[in-house]
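Participant: Need a 3D model of the following:
(2 chains)
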Amino acid sequence: MNNALIQCPACRAWLTEGPFNQPDLVPCPACGVPLQTTVFPSFFLKTSAGPGGETALIEGESCCFFHPQKKAVLPCDGCGRFLCALCDCPLDGRHYCPTCLETGRTKGKIKTLENERTLYDGIALSLAILPMLIFYFTVVTAPMALFVAIRYWNAPRSIVGRTRIRFVLAILLALMQIAGWITVIVFVSTRHDHHA
Amino acid sequence: MTTTPEIKYKRLTRTTGRPGFSVASQSRGSLWLGPDHLLCVFSGGYTETYKRFYFRDIQAIIIRQSKRRLIWNAILGPFLLLSLGALATYLLNRDDVGIVLFVFFAVIILPPFVINNILGTACICYLRTAVQVEQLPSLHRLPKARRVLAQIQPLIAAAQGGELTPEAVAAQMTESIAPSPATPPGAAASEPAQPAPPVI
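Facilitator: Below you'll find the predicted structure:
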């Protein structure tokens, strides 16, 4: 991406003259769509090449675990392996090797790398509520809702924080449905025995 | 490896559908404020996906006015006029059908019409980093977008070492697009020519 210019989102014209960082909407010089553009200092930062790692010159000097020819500069905060400047992956004030970074992402141990979560509380509540539209389905879905709510009670919920209220509602509704079905079955069987 | 602690987020916007008039919206988005980043949360039914924009990486925020409010007014306006016509029919002819139609349209059409105009001018917000231009979810109205921008702008400025005045931005923009001095004949170019700006 060209760092030098900003495009109008409507007509894609390059905004060379601004005005920028104004409090009001200003028409785009090309298409006239009102825009408010706020530019921050990082827009003008020039990116430079990252460190590549120094070659280990002295016999017996600590070397990188992944690059034995390069000098180790720090240990990984996850596994303790020595890392060169190239292998160092800084994140949230800690330093990880690429393996620990990937493990942290896939196993959910590094929260800032987590980019997806399954909402089991929503699944349990939907299993408890939606089948009530065709009530006969609840004989199957009520136990399923109960299982999901109990099985995933301690699973991570939304990253932005959600209470367990959906789990609680799902459990209550599922128990009521199961109780209802047990009542129906007992009633029907006792009537059948009575008639017999 | 020990698990990093959960981050506390502060809600900036409620979950709303994507802008536009798609009949079946695939996901709904909301905006949250973290300690050093913005978090966009997209809810697709039973899963959530997250996108983080660290304050140090945000280059620009662009708010563009859209025609959403006008379009909704154009859709709801004729029905509102119909209801007024029904009211006029009732007043002139004492026709019960007229008052029924007026009440029906007034109850159904008037609240969304009023809300659409109270919420303010419609807009679309874009966030630019070094590698992407992302549309921010649930910032569809200018007053709300400005409130959110007022909240995050000081945090971005603090992460990047200060705010830029309009004059400073204009000066740096002019400097960055100024043509480089011509190289003397016979001298080798130290860098290859810059390619044309890509269309985003």
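Participant: How is chain B divided into domains?
Facilitator: B:10-66+B:122-159, B:76-118 (automatic domain parsing).
Participant: what is the mean pLDDT for the first one?
Facilitator: This means domain B:10-66+B:122-159. Summarised as a single mean, pLDDT over domain B:10-66+B:122-159 is 87.
Participant: what's the helix-or-strand element of chain A with minimal mean pLDDT packed up against?
Facilitator: For chain A, counting by mean pLDDT, DSSP states H and E, strand A:14-15 ranks last in confidence among helices and strands (a mean of 84). Under the contact criterion of 3 or more Cβ pairs under 8 Å, 6 or more residues apart in numbering or on different chains; DSSP states H and E, the helices and strands touching strand A:14-15 comprise strand A:6-7. Quick note: C-beta positions are derived from backbone N, CA and C, even for glycine.
Participant: Please identify the pairing partners of the strand it packs on and their relative orientation?
Facilitator: When pairs are called by DSSP bridges, strand A:6-7 turns out to pair with strand A:14-15 (antiparallel).
Participant: Skip ahead from the strand it pairs with and say which helix or strand is next.
Facilitator: Downstream of strand A:14-15, the next assigned helix or strand under DSSP states H and E is strand A:26-27.
Participant: Is there contact, residue-wise, from that next one to chain B?
Facilitator: No. Strand A:26-27 stays out of contact with chain B when judged by Cβ under 8 Å from any Cβ of the partner chain, the minimum separation being 9.4 Å.
Participant: Can you pull the domain assignment for chain A?
Facilitator: Structural domains annotated on chain A: A:1-44, A:53-116, A:120-195, as defined by automatic domain parsing.
Participant: now for the ones you listed, which one comes closest to B:C125?
Facilitator: domain A:1-44 (9.4 Å; Cβ to Cβ).
Participant: Residues contacting stretch A:134-146, please?
Facilitator: Contacts with stretch A:134-146, where a contact means Cβ atoms under 8 Å, 6 or more residues apart in numbering or on different chains, come from A:124-125, A:127-128, A:130-132, A:170-171, A:173-175, A:177-178, A:180-181.
Participant: Let's see that with 6 Å instead.
Facilitator: By Cβ atoms under 6 Å, 6 or more residues apart in numbering or on different chains, the list of residues contacting stretch A:134-146 from outside reads A:A124, A:L127, A:A128, A:P131, A:A170, A:A174, A:Q177, A:I178, A:W181.
Participant: Among these, which one lies nearest to B:Y90?
Facilitator: B:Y90 lies nearest to A:P131 out of the contacts of stretch A:134-146, by Cβ to Cβ, at 46.2 Å.
Participant: Apart from its neighbours in sequence, what residue is nearest A:R94?
Facilitator: Spatial nearest neighbour of A:R94, chain neighbours left out: A:D77 (4.4 Å); criterion: Cβ to Cβ, 6 or more residues apart in numbering or on different chains.
Participant: wait, that neighbour sits on A:C97?
Facilitator: No. Under the criterion of Cβ atoms under 6 Å, A:D77 makes no contact with A:C97, lying 9.1 Å away.
Participant: So which of the two has more stuff around it?
Facilitator: Neighbours around A:D77 and A:C97, counted as other Cβ atoms under 10 Å in any protein chain shown, are more numerous at A:C97. The numbers are 23 against 17.
Participant: A:L74 is in contact with the more buried one, correct?
Facilitator: No. Under the criterion of Cβ under 6 Å, A:C97 is not in contact with A:L74, lying 10.3 Å apart.
Participant: what do the two both touch?
Facilitator: Applying Cβ under 6 Å, 6+ apart, one finds that A:C97 and A:L74 are jointly contacted by A:L83.
Participant: any chance of the contacts of stretch A:134-146 in TSV, with pLDDT too?
Facilitator: What follows is those, written out as TSV (pLDDT from 0 to 100):
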residue	pLDDT
A:A124	95
A:L127	95
A:A128	95
A:P131	93
A:A170	96
A:A174	96
A:Q177	96
A:I178	95
A:W181	95
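Participant: By neighbours, which of the residues you listed wins?
Facilitator: Neighbours here are counted as other Cβ under 10 Å. On that basis the top member of the contacts of stretch A:134-146 is A:A124, with 29 neighbours.
Participant: pretty sure that residue is in a helix, no?
Facilitator: Yes. Applying DSSP: H, G, I helix; E, B strand; the rest coil, one finds A:A124 inside a helix.
Participant: Contact partners for it?
Facilitator: Taking Cβ under 6 Å, 6+ apart, one finds A:A145, A:V148, A:A149, A:F167, A:A170 in contact with A:A124.
Participant: go on, A:T47?
Facilitator: No residues are in contact with A:T47 under the rule Cβ under 6 Å, 6+ apart.
Participant: How much space separates the residue nearest to A:S62 when sequence neighbours are not counted from A:T55?
Facilitator: Distances taken as Cβ to Cβ, 6+ apart put A:A72 closest to A:S62, at 4.2 Å, once the chain neighbours are dropped. Here the distance between A:A72 and A:T55 works out to 12 Å (Cβ to Cβ, to the nearest Å).
Participant: between the two, which one's more packed in?
Facilitator: In terms of neighbours (other Cβ under 10 Å), A:A72 is the more surrounded of A:A72 and A:T55; the figures are 22 against 12.
Participant: surely the more buried one meets A:A85?
Facilitator: No. In this structure A:A72 lies outside contact range of A:A85 using Cβ under 6 Å: 9.4 Å.
Participant: B:W32 pairs with what?
Facilitator: Applying DSSP bridges to B:W32 yields these beta-bridge partners: B:R11, B:L39.
Participant: Distance of it relative to B:A150?
Facilitator: Where B:A150 is concerned, B:W32 sits at a distance of 16 Å (Cβ to Cβ).
Participant: higher neighbour count, the two?
Facilitator: When B:W32 is set against B:A150 and neighbours are counted by other Cβ under 10 Å, the residue ahead is B:W32, at 21 against 10.
Participant: Okay then, goodbye and thanks.
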